[in-house]
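1. take a look and give me a structure for this.
(one chain, ligands or ions: 3)
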Amino acid sequence: MSIVKAYGASSSQSPIEPLNIQRRDLRPNDVQVEILYCGICHSDIHTARGEWAGTVYPVVPGHEIVGKVKAIGPTVTQFTVGQIVGVGVMVDSCRTCKNCKSNHEQYCEEGMTGTYNAPERDGSGMLTMGGYAAEIVTDENYVLRIKGEENLAGIAPLLCAGITTYSPLRFAGVKAGMKVAVVGLGGLGHMAVKFAVAFGAEVTVISTSASKVQEASKLGAHHFILAKDPAVLNDHASSFDIVLDAISADHDYTQYLNLLALNGKLLVVGLPEHQPKVSPFALIKNRRSIIGSMIGSIKETQEMLDFCHEHSIFAAIETIAISQINEAYERMIKGDIKYRFVIDMSTI
Ligand code: NAP
Ligand code: ZN
Ligand code: ZN
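-> Ligands and ions are numbered 1, 2, ... in the order given. Here you go, the predicted model:
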């Protein structure tokens, strides 16, 4: 075991504060990573503040990790010391169930092992601890290759915000000629815009923030609907093939279902604290469907990272020192960030 500097929450009421955590000794297949950057996902806030059931304290959030390999176990074949790598939302799964074997390990029948707040699969009773830390130790099969060393801070959010939007847009077959709306222009939403544009779709942002009108076009969006008052959405009924919902706060799905044209799909990735109601009448009209999606597999995450490298796609970020993290949480809740905070981990 080694003792590593980290930041985490000791209770749902406490701020994110310095603490020391233990990282396991390297197993034969493990990679030890010095963390350079870690993005701040809204899931970190939901978990740290106990908004979802099941947070065990202390919790060290962070699952958008880019770092440098510091050491490798004796049987590691895919990584070498000094290489730049990524660790995302998942660090293990059962590896034997139908879903794991078909490269859908994020849907492991036993439940995937999250990068933080999940019991380790070795039966030790230890909980995984995330990327607000100086180092992490991860099995090489759950580590990603990063090509190039340009803008590593802008790559970190791809490990969650990127794959969580890339995967459902690919699953829904988004391509040229399709009309896609992205609701909630935060960390996930802004990546959804970049991907939908890259796939050739006509993209509309639906946002509650007037301050984002100008910048949305810089992301490549073709249209912007300011929907502080949801009544404005009535003018856009039955007009989109796909609506991707990346809203972090409680809201009504029906108003977004109503936007879908024939066979339209509502792709749900946002995970608010309370479950919304859905009108079956809105669902049967136009044969609409609702599709949920959880991150992406390791294989698809690698495909997404390679796609971003090829197309020069990075997250739009604001880099912060780790001491600014509580302020960053408050600003995220207010929607005062374009579009992702990334912690420079050299400040730990
Ligand atoms: P974020 O950066 O905080 O963005 C959330 C956006 O939601 C805000 O920018 C805002 O967009 C919109 N919003 C906030 N409050 C709203 C309200 N009351 N009504 C309408 N819109 C509101 O969050 P994120 O990191 O992108 O995460 C988004 C959600 O996805 C979170 O719930 C997170 O836990 C979840 N998530 C899911 C997965 C998955 O695997 N499915 C993975 C990662 C995260 P506007 O300013 O444009 O209105
Ligand atoms: Zn996340
Ligand atoms: Zn499995």
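2. how far away is residue 236 from residue 230?
-> 11 Å (CB to CB, to the nearest Å). For glycine as for every other residue, the C-beta is placed from the backbone atoms N, C-alpha and C.
3. cool, and residue 132?
-> The separation that residue 132 has from residue 230, given CB to CB, amounts to 35 Å.
4. count residues in the vicinity of the closest residue in space to residue 234 that isn't next to it in sequence, would you?
-> Using CB to CB, 6 or more residues apart in numbering and skipping residues adjacent in sequence, the residue nearest residue 234 is residue 258, 7.8 Å away. Using other CB atoms under 10 Å, residue 258 has 22 other residues around it.
5. just checking, residue 258 touches residue 238?
-> Yes. With contact defined as CB atoms under 8 Å, residue 258 reaches residue 238; the gap is 7.4 Å.
6. now the common contact residues for these two.
-> residue 285 (CB atoms under 8 Å, 6 or more residues apart in numbering).
7. before we move on, the earlier item: spit out the contact partners of the residue nearest to residue 234.
-> Counted by CB under 8 Å, 6+ apart, residue 258 has contacts 233-234, 237-238, 282, 285.
8. next one, pLDDT for it please.
-> Note for residue 258: predicted pLDDT of 97.
9. care to break this protein down by domain?
-> 2-160+296-347, 162-292 (automatic domain parsing).
10. enumerate every residue touching residue 170.
-> Contacts of residue 170 (CB under 8 Å, 6+ apart): residue 300.
11. so it sits in a helix?
-> Yes. With DSSP: H, G, I helix; E, B strand; the rest coil as the criterion, residue 170 is part of a helix.
12. quick one: residue 153 is in a helix?
-> Yes. Residue 153 forms part of a helix when assessed by three-state DSSP.
13. does it touch residue 319 like I think?
-> Yes. Between residue 153 and residue 319 there is a contact at 5.3 Å, judged by CB under 8 Å.
14. quick check: which of the domains of the chain is nearest to ligand 1?
-> Closest to ligand 1 of the domains of the chain is domain 162-292 (CB to the nearest ligand atom; 1.8 Å).
15. centre of the chain to the closest one, how far?
-> 16 Å (CA atoms, centre = their mean, to the nearest Å).
16. on that earlier part again, which residues do residue 153 and residue 319 both contact?
-> Common neighbours of residue 153 and residue 319 are listed as 37, 342, 344 (criterion: CB under 8 Å, 6+ apart).
17. ok, how many other residues are close to the second one?
-> I take that to be residue 342. Neighbours of residue 342 (other CB under 10 Å): 25.
18. contacts only, for it.
-> Counted by CB under 8 Å, 6+ apart, residue 342 has contacts 37-40, 64, 153-154, 156-157, 315, 317-320.
19. what's the answer for residue 209, then?
-> 185, 226, 335.
20. which bits of the chain sit near ligand 3?
-> Contact residues, the chain versus ligand 3 (CB under 5 Å from the ion): 93-94, 97, 100, 108.
21. export these to a markdown table and tack on neighbour count?
-> Listed next are the residues of the chain next to ligand 3 as a markdown table, based on neighbours: other CB atoms under 10 Å:
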| residue | neighbour count |
| --- | --- |
| 93 | 24 |
| 94 | 16 |
| 97 | 15 |
| 100 | 19 |
| 108 | 19 |
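22. tell me which of those residues fall in helices.
-> The members of those that map onto helices under DSSP state H are residue 100.
23. chain neighbours aside, what residue packs nearest to the residue in the stretch 101-250 of the chain positioned nearest to ligand 3?
-> Proximity of the stretch 101-250 of the chain to ligand 3 (CB to the ion) peaks at residue 108, 3.2 Å away. Nearest residue to residue 108, sequence neighbours excluded (CB to CB, 6+ apart): residue 93, at 3.8 Å.
24. around ligand 2, pick out the residues from the chain.
-> So far as CB under 5 Å from the ion goes, the chain lies against ligand 2 at 41, 43, 160.
25. tell me the mean pLDDT for stretch 89-105?
-> Average pLDDT, stretch 89-105: 98.
26. buried set for it?
-> Buried residues in stretch 89-105, defined by neighbour count with 16 or more other CB atoms under 10 Å: 89-94, 99-100, 104-105.
27. and it, end to end?
-> 12 Å (CA to CA, to the nearest Å).
28. other residues contacting it?
-> 43, 63, 106-110, 112-115, 118, 120-121, 128, 138-139, 141-142, 159-160, 163-164, 295, 297-300.
29. helix or strand with the lowest mean pLDDT in this protein?
-> Using mean pLDDT, DSSP states H and E, helix 213-218 stands out as the lowest-scoring helix or strand of the chain, at a mean of 89.
30. list the contacts of it.
-> Helix 213-218 has contacts (CB under 8 Å, 6+ apart) with 185, 193, 205, 207, 224, 226, 338.
31. okay, now the sheet partners of whatever helix or strand comes next after it, with direction.
-> With elements assigned by DSSP states H and E, the helix or strand that comes after helix 213-218 is strand 223-226. Strand pairing for strand 223-226, determined by DSSP bridges: strand 202-207 (parallel).
32. any residue of the strand it pairs with touching ligand 1?
-> Yes. For strand 202-207, a contact with ligand 1 is found by CB under 6 Å from any ligand atom, at residue 207.
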